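[1] kindly generate the corresponding structure for this input.
(2 chains)
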Amino acid sequence: MLSRTAASLYWIGRYVERAEFTARLIEATMRLDSLSHTPAGAGAWESALAVVAADYGFAITGESLTPTSVSRYLTLSHDNPSSIRACLDAARGNARAVRTALSREAWESINRAWLGVRDRASTGGQGATLALIDSLKAEARGFEGALHRMLRNEASHFVRLGAAVERGDNTARLIDVKYHLLLPEGEKVGGVLDRDQWTTILQTVSAVTAYRWLYRDGLTALNVADLLILRGEMPRSLAASCDEVAMILTNIGKRTGLQGEADRLARLRQTALARATTRNIINGGLHEYLTAFIAENARLDQAIGAQFRFA
Amino acid sequence: MSGGKAFDEIYGSDAAGAREEFAALARWIEETPATELERRQHAAEAAFRQLGITFAVYGEEESAERIIPFDIVPRIFSAGEWARLQEGLEQRVLAINAFLDDIYGERRILADGIIPPELIFGNPQFRTEVSGARPPHGIYAHICGIDMVRTGPDQFFVLEDNARTPSGVSYMLENREAMIRLCPELFDTYEVEPVDSYPDMLRETLRSVAPRGSGHEPVCVLLTPGHFNSAFYEHSFLADNLGIELVEAADLEVDDDFVWMRTIEGRVRVDVIYRRIDDDFIDPLVFRPDSVLGVPGLMAAYLAGNVALANAPGTGVADDKAIYSYMPEIVRYYSGGEPKLPNVETWRCREGQALQYTLDNLESLVVKLVDGSGGYGMLVGPTASKAEIERFREALAAEPHRYIAQPTLALSTVPTLTAKGVAPRHVDFRPFCLTGTNGVTIVPGGLTRVALREGSLVVNSSQGGGTKDSLILAGAKRRQRQSQSQSGQQQDQSIDRSLLQQEGGMSVAIGLGQAQGGQIQKLGDTIQSQSLAGPAHDSSDER
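    Numbering: from 1, shown residues only, chains lettered A, B, ... in the order given. Presented below is the predicted three-dimensional model:
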C-alpha cells in the first residue's frame, strides 16, 4: 500500500473520530448549560472550548461568548480548524483521494455527513442543533459499522488506528479540563456542581449507564478517573485506546512483516497503563498524568507517521 | 466533403431505409418506445452519477462536477469498416512513433525538406530537453487517441491525433457495461467485439516497455495530478482495472536516477509510469519550476534510461495542429505507402495564400488555435455570430501562425435520443491505439462523442457533448482473426521497411508551400475514389 494512501486512511479515522467527539461535547455542554440556575452552567461553554483547545481561537474571533456563538464556532466555523465542518471537509477530502481503498458504504457515510453540514449557515436553535448533532452521531456510527464490514486489510486497519489514537487524545483532554480547570475554588468535591460536571463528562463519552453498572457507590471523582483511564472494557478509556492501538499495529505488522518504533512505544504505553492504579495517578497529580499522556500520544502519532512514511 | 444533407450511419444519405447490415438496429430504434429508451438512459446516468464518473468544468466551482450525458442509442460499425479503420490507424500511429524517433534523433525528415524546421524548433511542444535521448525500446507514443470524423460510407478522416495523454477510455468501458445491462437484446441480435480487454492490453503494453531486463516483474504505476483533476475518475478507474498503484507526485522520489514509490513496506522501485500529467508539470527541475504536481529528478531518471514514461515527454510535437497538416507527408515518408486514413483538408494560416482564403471564407470555415484543445479557442463559421467572426478576423490578422482553418464538414449523424424523440445528431470517434514492443494493439471500439444540440458540430464534453457506446460487429469472426494476425506480420515488416527506407535515404520531393491545400484535397480524393472502386474489401459491408 502506498504511504500516502495509508496516511489518508489514518487521517480519515482521526477526523471522523474528532468530529464525533466534538458533536458529543456540544450535546453534553448543552445539557450542562440548561442547568444554568446552578453555577455549573456559567462556565459550561468556556470549558467546552478549552477541551478541544479552541479557547484561544474563539477569543480572537472577537465574538461574545454565548451558547449560540460557541456552538456555531465548534460546529460550522471555517475559522476553527477543528470544527465539525472542518473535520468532515478534511475527512471527505482524504476519502476522495483514496476512494478506491474504502468500501462504498464507508465512503457514503462520510459523504452524507459532509453534505449535512456543507451548506449550513447556522446551527439554529437548541432543537435544531440537537437534531444536527444526532444526525452527525448517526453518520459516525454508520461509518464505524461500514468499517467493520470492510475487508480486514491494511485499509481498515489504518482508519481504525487513526480513530484509536484520536480517541485517546480526546478522552484525556476531556478529563483534564473538566477536572482541573473548572472545579471552582472552594467547591467541595462531591457537591451538586461537581456531580453535574462529572455527569457531563460521562455523557460526552456515552458512559453514564456503564458507570452505574460498574460502580454501585454513586459518583466519585476516583471512580470516574478509574473508568475513563484504566478500565479496558470501557471503549473510550485511555486503556482501551492503548490496547487497540497496540493490537492494530500488531495486525499491520503481521501483514507487512515489519514492526518498528511505533510498535515499541505502543506496547510500552500499554504495559505502563496496565500497572497504574487510580490512587497512584491522583497522588502524582491527575493533570500532570494527563498532560504526559497527551504528549506521549503525540509522540506515538509521530512514530506511526515515520514508520509508515506518511510525510 | 460534400455539402447538403449529412450522411447517417444507420440510414445512409437518401433516407431510403436503413443500411442493410444495420436494419435490425434500426428496427430496435423504431420499435422501442421513446419512454422506454428514456427510462434506460436515466438508469444509466443514475448509475454513472453514483459511481462518480464525473468531470469538472474548468472555471466553475467544485459543485459543478458533472457527468457526461450518455445516449442510449449505440453507434455501430461493420466488421469491414472496422478492419479498414484499424489498418489506417496502425499505419498512422507507427508513423507518429517513427516521426518522433526521427525528430528527437537524426532529423532526416527535416534534412529531406519534408517539414519546415521552424515548425519543429519554434514549436512549444518540441522538448529540446529530450533530444538525442531515446526512450526505452524507442517507443514514444504508447497510447494514442486518434479523433476521426466521417462524411460518407467510406469517407473517414483523421481530425486530430492525440499523442500526449488522451482521455475518455473509461467512458468507452463504462458505456459498454451500461449497454449490456440495459439493452441486452442488442447483444443477442449482434455479435459485438468486446472492449473489456482494454485494461489487459494496456497493462501488456506498459509491461513491454519496462527498461529493466528479464526475470523481474515490472512495477507500473499511474501518475495522476490528484483528485482535483477533471479526469481523476478515469485515473482511479484505470489504476483499479490495471491492478497498479495510483500515485501522486508526493508518492514518488528519485534517488541516484532511479524512481521509487513510497509504500508502508518501504521503497519500491518503479519501472514504468503511465503519467496523466502534461510535460510541463512532470519535473519542476526541468520544466515548469512552479509545478507541485511533478517529481523532481524524474526527467534525469528518464534520460538515464531507468524508467519508461508513457507517453514519453515531447510527444506533443506530433499531435500539434500545425504539424497535423503535414501528417499525410509524414505517413508517406515513414511507411513508404499512401496514407490509408486521409486528413481533413487544412489551410495553414501561416501561409499567405491560405490566410487570405481563410479570411475570405470565415463564414464557412472552422478556425482552430494551433495550440488549443477541448473546443476552446475555436470558431465554427456557419454557426458563429457576426461579432465572433470579427473577433477571429482580428486575431487571425494579428497572429496568423497560431491558426489553421478547415472546411465545415458535413459530419455523419447517428440516431440519438432527444427531447423530441430519436433524431440524427453529429458524431465523431476516438479509437485508442496502444504501441508497445509487441506492436500496435487497438481495442475494437472507442469513444463516440455526440453533439447533443441539433445541428451542432462541437462534440467536446466541455461544450455540451455526450457519449455513446460504439459497437464493432464481429462479423465473420474467424476471417477477421486471420487477417488480424496477417496484418500483425505485415506491421512488423512495415517497420523494417520504413527503417530500410530511412537508411536508404529516401527523398520525397513534394512541392511544399502554396500548393499544399490542393495536394491534400487531391489526396483525399484519391483515397475516396480508391476505396469506392476498390475491390479490396467485402462488398457485403456496403449497402
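
[2] what about the closest residue to B:Trp82 other than its chain neighbours, how many residues nearby?
    Closest residue in space to B:Trp82, ignoring its immediate chain neighbours: B:Ile472 at 4.7 Å, by Cβ to Cβ, 6 or more residues apart in numbering or on different chains. Using the backbone N, CA and C atoms, a C-beta is placed for each residue, glycine as well. B:Ile472: 26 surrounding residues under other Cβ atoms under 10 Å in any protein chain shown.

[3] the strands in the stretch 401-543 of chain B, which residues?
    Shown for the stretch 401-543 of chain B, the strands assigned by DSSP state E, counting those that start in this stretch span residues B:403-407, B:413-418, B:421-430, B:432-436, B:439-442, B:447-451, B:465-472.

[4] distance to B:Arg19 for the ones you listed - can I get that in CSV?
    Output for the strands of the stretch 401-543 of chain B, formatted as CSV (distance: least, Cβ to Cβ, whole Å):
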stretch, distance to B:Arg19
strand B:403-407, 25
strand B:413-418, 12
strand B:421-430, 14
strand B:432-436, 26
strand B:439-442, 24
strand B:447-451, 17
strand B:465-472, 14
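
[5] got these as a markdown table, with mean pLDDT and distance to A:Ile201 columns?
    Shown next, in a markdown table, are the strands of the stretch 401-543 of chain B (pLDDT from 0 to 100; distance: least, Cβ to Cβ, whole Å):
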| stretch | mean pLDDT | distance to A:Ile201 |
| --- | --- | --- |
| strand B:403-407 | 90 | 72 |
| strand B:413-418 | 93 | 61 |
| strand B:421-430 | 93 | 62 |
| strand B:432-436 | 96 | 61 |
| strand B:439-442 | 95 | 65 |
| strand B:447-451 | 94 | 59 |
| strand B:465-472 | 93 | 57 |
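
[6] shouldn't B:Phe99 be in contact with B:Ile109?
    Yes. In this structure, B:Phe99 is within contact of B:Ile109 by Cβ atoms under 8 Å, at 6.8 Å.

[7] hang on, isn't the residue nearest to B:Trp82 packed against B:Glu191?
    No. Using Cβ under 8 Å, B:Ile472 makes no contact with B:Glu191, being 10.0 Å away.

[8] and the gap between the residue nearest to B:Trp82 and B:Asp71?
    Distance of B:Ile472 to B:Asp71, given as Cβ to Cβ, to the nearest Å: 18 Å.

[9] ok, now B:Arg176?
    Taking Cβ to Cβ, one finds B:Arg176 at 13 Å from B:Asp71.

[10] of those two, who's got more company?
    B:Asp71 (26 against 21).

[11] assign the more buried one to helix, strand or coil.
    Using DSSP: H, G, I helix; E, B strand; the rest coil, the structure places B:Asp71 in strand.

[12] and residue 51, what does it touch?
    Reading this off chain A. By Cβ atoms under 8 Å, 6 or more residues apart in numbering or on different chains, A:Val51 lies in contact with A:25, A:173-174, A:177-178.

[13] wait, chain B
    Contacts of B:Leu51 (Cβ under 8 Å, 6+ apart): B:174, B:233.

[14] and B:Met378, by the same measure?
    Neighbour list for B:Met378: B:366-369, B:372, B:458 [criterion: Cβ under 8 Å, 6+ apart].

[15] now for those residues, which pair is the farthest apart?
    Using Cβ to Cβ, those span at most 14.2 Å, a distance reached by B:Leu369 and B:Val458.

[16] could you report the pLDDT at residue 211?
    Reading this off chain A. Here, the pLDDT recorded for A:Tyr211 equals 90.

[17] meant chain B actually
    Predicted confidence (pLDDT) for B:Pro211: 91.

[18] give me the element it is part of.
    Secondary structure assignment for B:Pro211, by DSSP states H and E: no helix or strand.

[19] got phi/psi on it?
    Backbone torsions for B:Pro211, taken as degrees, to the nearest 10, come to phi -80, psi -30.

[20] can you tell me how far it is from B:Thr437?
    Taking Cβ to Cβ, one finds B:Pro211 at 11 Å from B:Thr437.

[21] between those two, which is the more surrounded one?
    Using other Cβ under 10 Å, the more surrounded residue of B:Pro211 and B:Thr437 is B:Pro211, with 17 against 14.

[22] quick one, phi/psi of the residue of the stretch 151-300 of chain A found nearest chain B?
    When distances are taken as Cβ to the nearest Cβ, the stretch 151-300 of chain A reaches nearest to chain B at A:Thr256, 4.9 Å away. The phi/psi pair for A:Thr256 (degrees, to the nearest 10) reads phi -100, psi -20.

[23] so where do the strands sit in the stretch 201-350 of chain B?
    B:220-223, B:245-247, B:252-255, B:258-263, B:266-269, B:272-275, B:308-310, B:347-348.

[24] which residues touch the fourth one?
    Around strand B:258-263, the neighbours that count as contacts under Cβ under 8 Å, 6+ apart are A:1-4, A:309, B:219, B:221, B:245, B:247, B:251-254, B:267-270, B:273, B:295, B:298, B:301, B:306-307.
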